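1. what's the 3D shape of this:
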Amino acid sequence: TVTCMVIQVFSNGNVMLDGTRSITVNREDSKIRISGIVRSRDITAQNTIQSNQMASAKIELLGKGPLWNNQRRGFFTKLLDWFSPF
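-> A predicted model of the protein is given here:
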C-alpha cells in the first residue's frame, strides 16, 4: 500500500496521483514510488485504487544497502567475489 496525493485534476474528472513509501528491513532501505492517472469513478469508498487501474502508471523501486550495492557491482568485482567469497 502506497499513500498518494492528488497532483492534478483534469477537466474530465480524472486525477493524477503521486506517492512514495520507504521501507527498511535488515539494513536495506527500499523506496517505492508510484504515479499515474486514475478515473475518479474507480476510486473506492475507502479512498483506494488498485495499481492496475492506473493509466500511464510509472512504478519505480529504488534502494540502498549491502544487497542493493552488490547488484550494482562491476564484472571484475563479481569475478573476484566468485574466487574469494569472503
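2. so when I look at residue 76, I'm seeing a strand, right?
-> No. Assigned with DSSP: H, G, I helix; E, B strand; the rest coil, residue 76 falls outside any strand and is helix.
3. Relative to residue 83, how far out is it?
-> From residue 76 across to residue 83, the span is 11 Å (Cβ to Cβ, to the nearest Å). Quick note: C-beta positions are derived from backbone N, CA and C, even for glycine.
4. just residue 13 next, same as before
-> Using Cβ to Cβ, residue 13 is found at 61 Å from residue 83.
5. same thing with residue 56?
-> Applying Cβ to Cβ, the value for residue 56 to residue 83 is 46 Å.
6. Could you check which of the two is surrounded by more residues?
-> residue 56 (9 against 6; other Cβ atoms under 10 Å).
7. That one - that's part of a helix, no?
-> No. In this structure, residue 56 is strand, not part of a helix, as judged by three-state DSSP.
8. List the contacts of it.
-> 36, 37 (Cβ atoms under 8 Å, 6 or more residues apart in numbering).
9. next one: residue 40
-> By Cβ under 8 Å, 6+ apart, the residues touching residue 40 are 13, 14, 15.
10. same check, this time on residue 20
-> If a contact means Cβ under 8 Å, 6+ apart, then residue 20 has 2, 31, 32, 33, 34 as its contacts.
11. Going by neighbour count, which of those comes out on top?
-> Of all the contacts of residue 20, the most densely surrounded is residue 34 (19 neighbours; neighbours counted as other Cβ under 10 Å).
12. coming back round to it: who wins for neighbours among the contacts of residue 40?
-> residue 15 leads the contacts of residue 40 on contacts (other Cβ under 10 Å) with 19 neighbours.
13. I figured that residue hits residue 35, correct?
-> No. When contacts are counted by Cβ atoms under 8 Å, residue 15 is not listed as touching residue 35 (11.3 Å).
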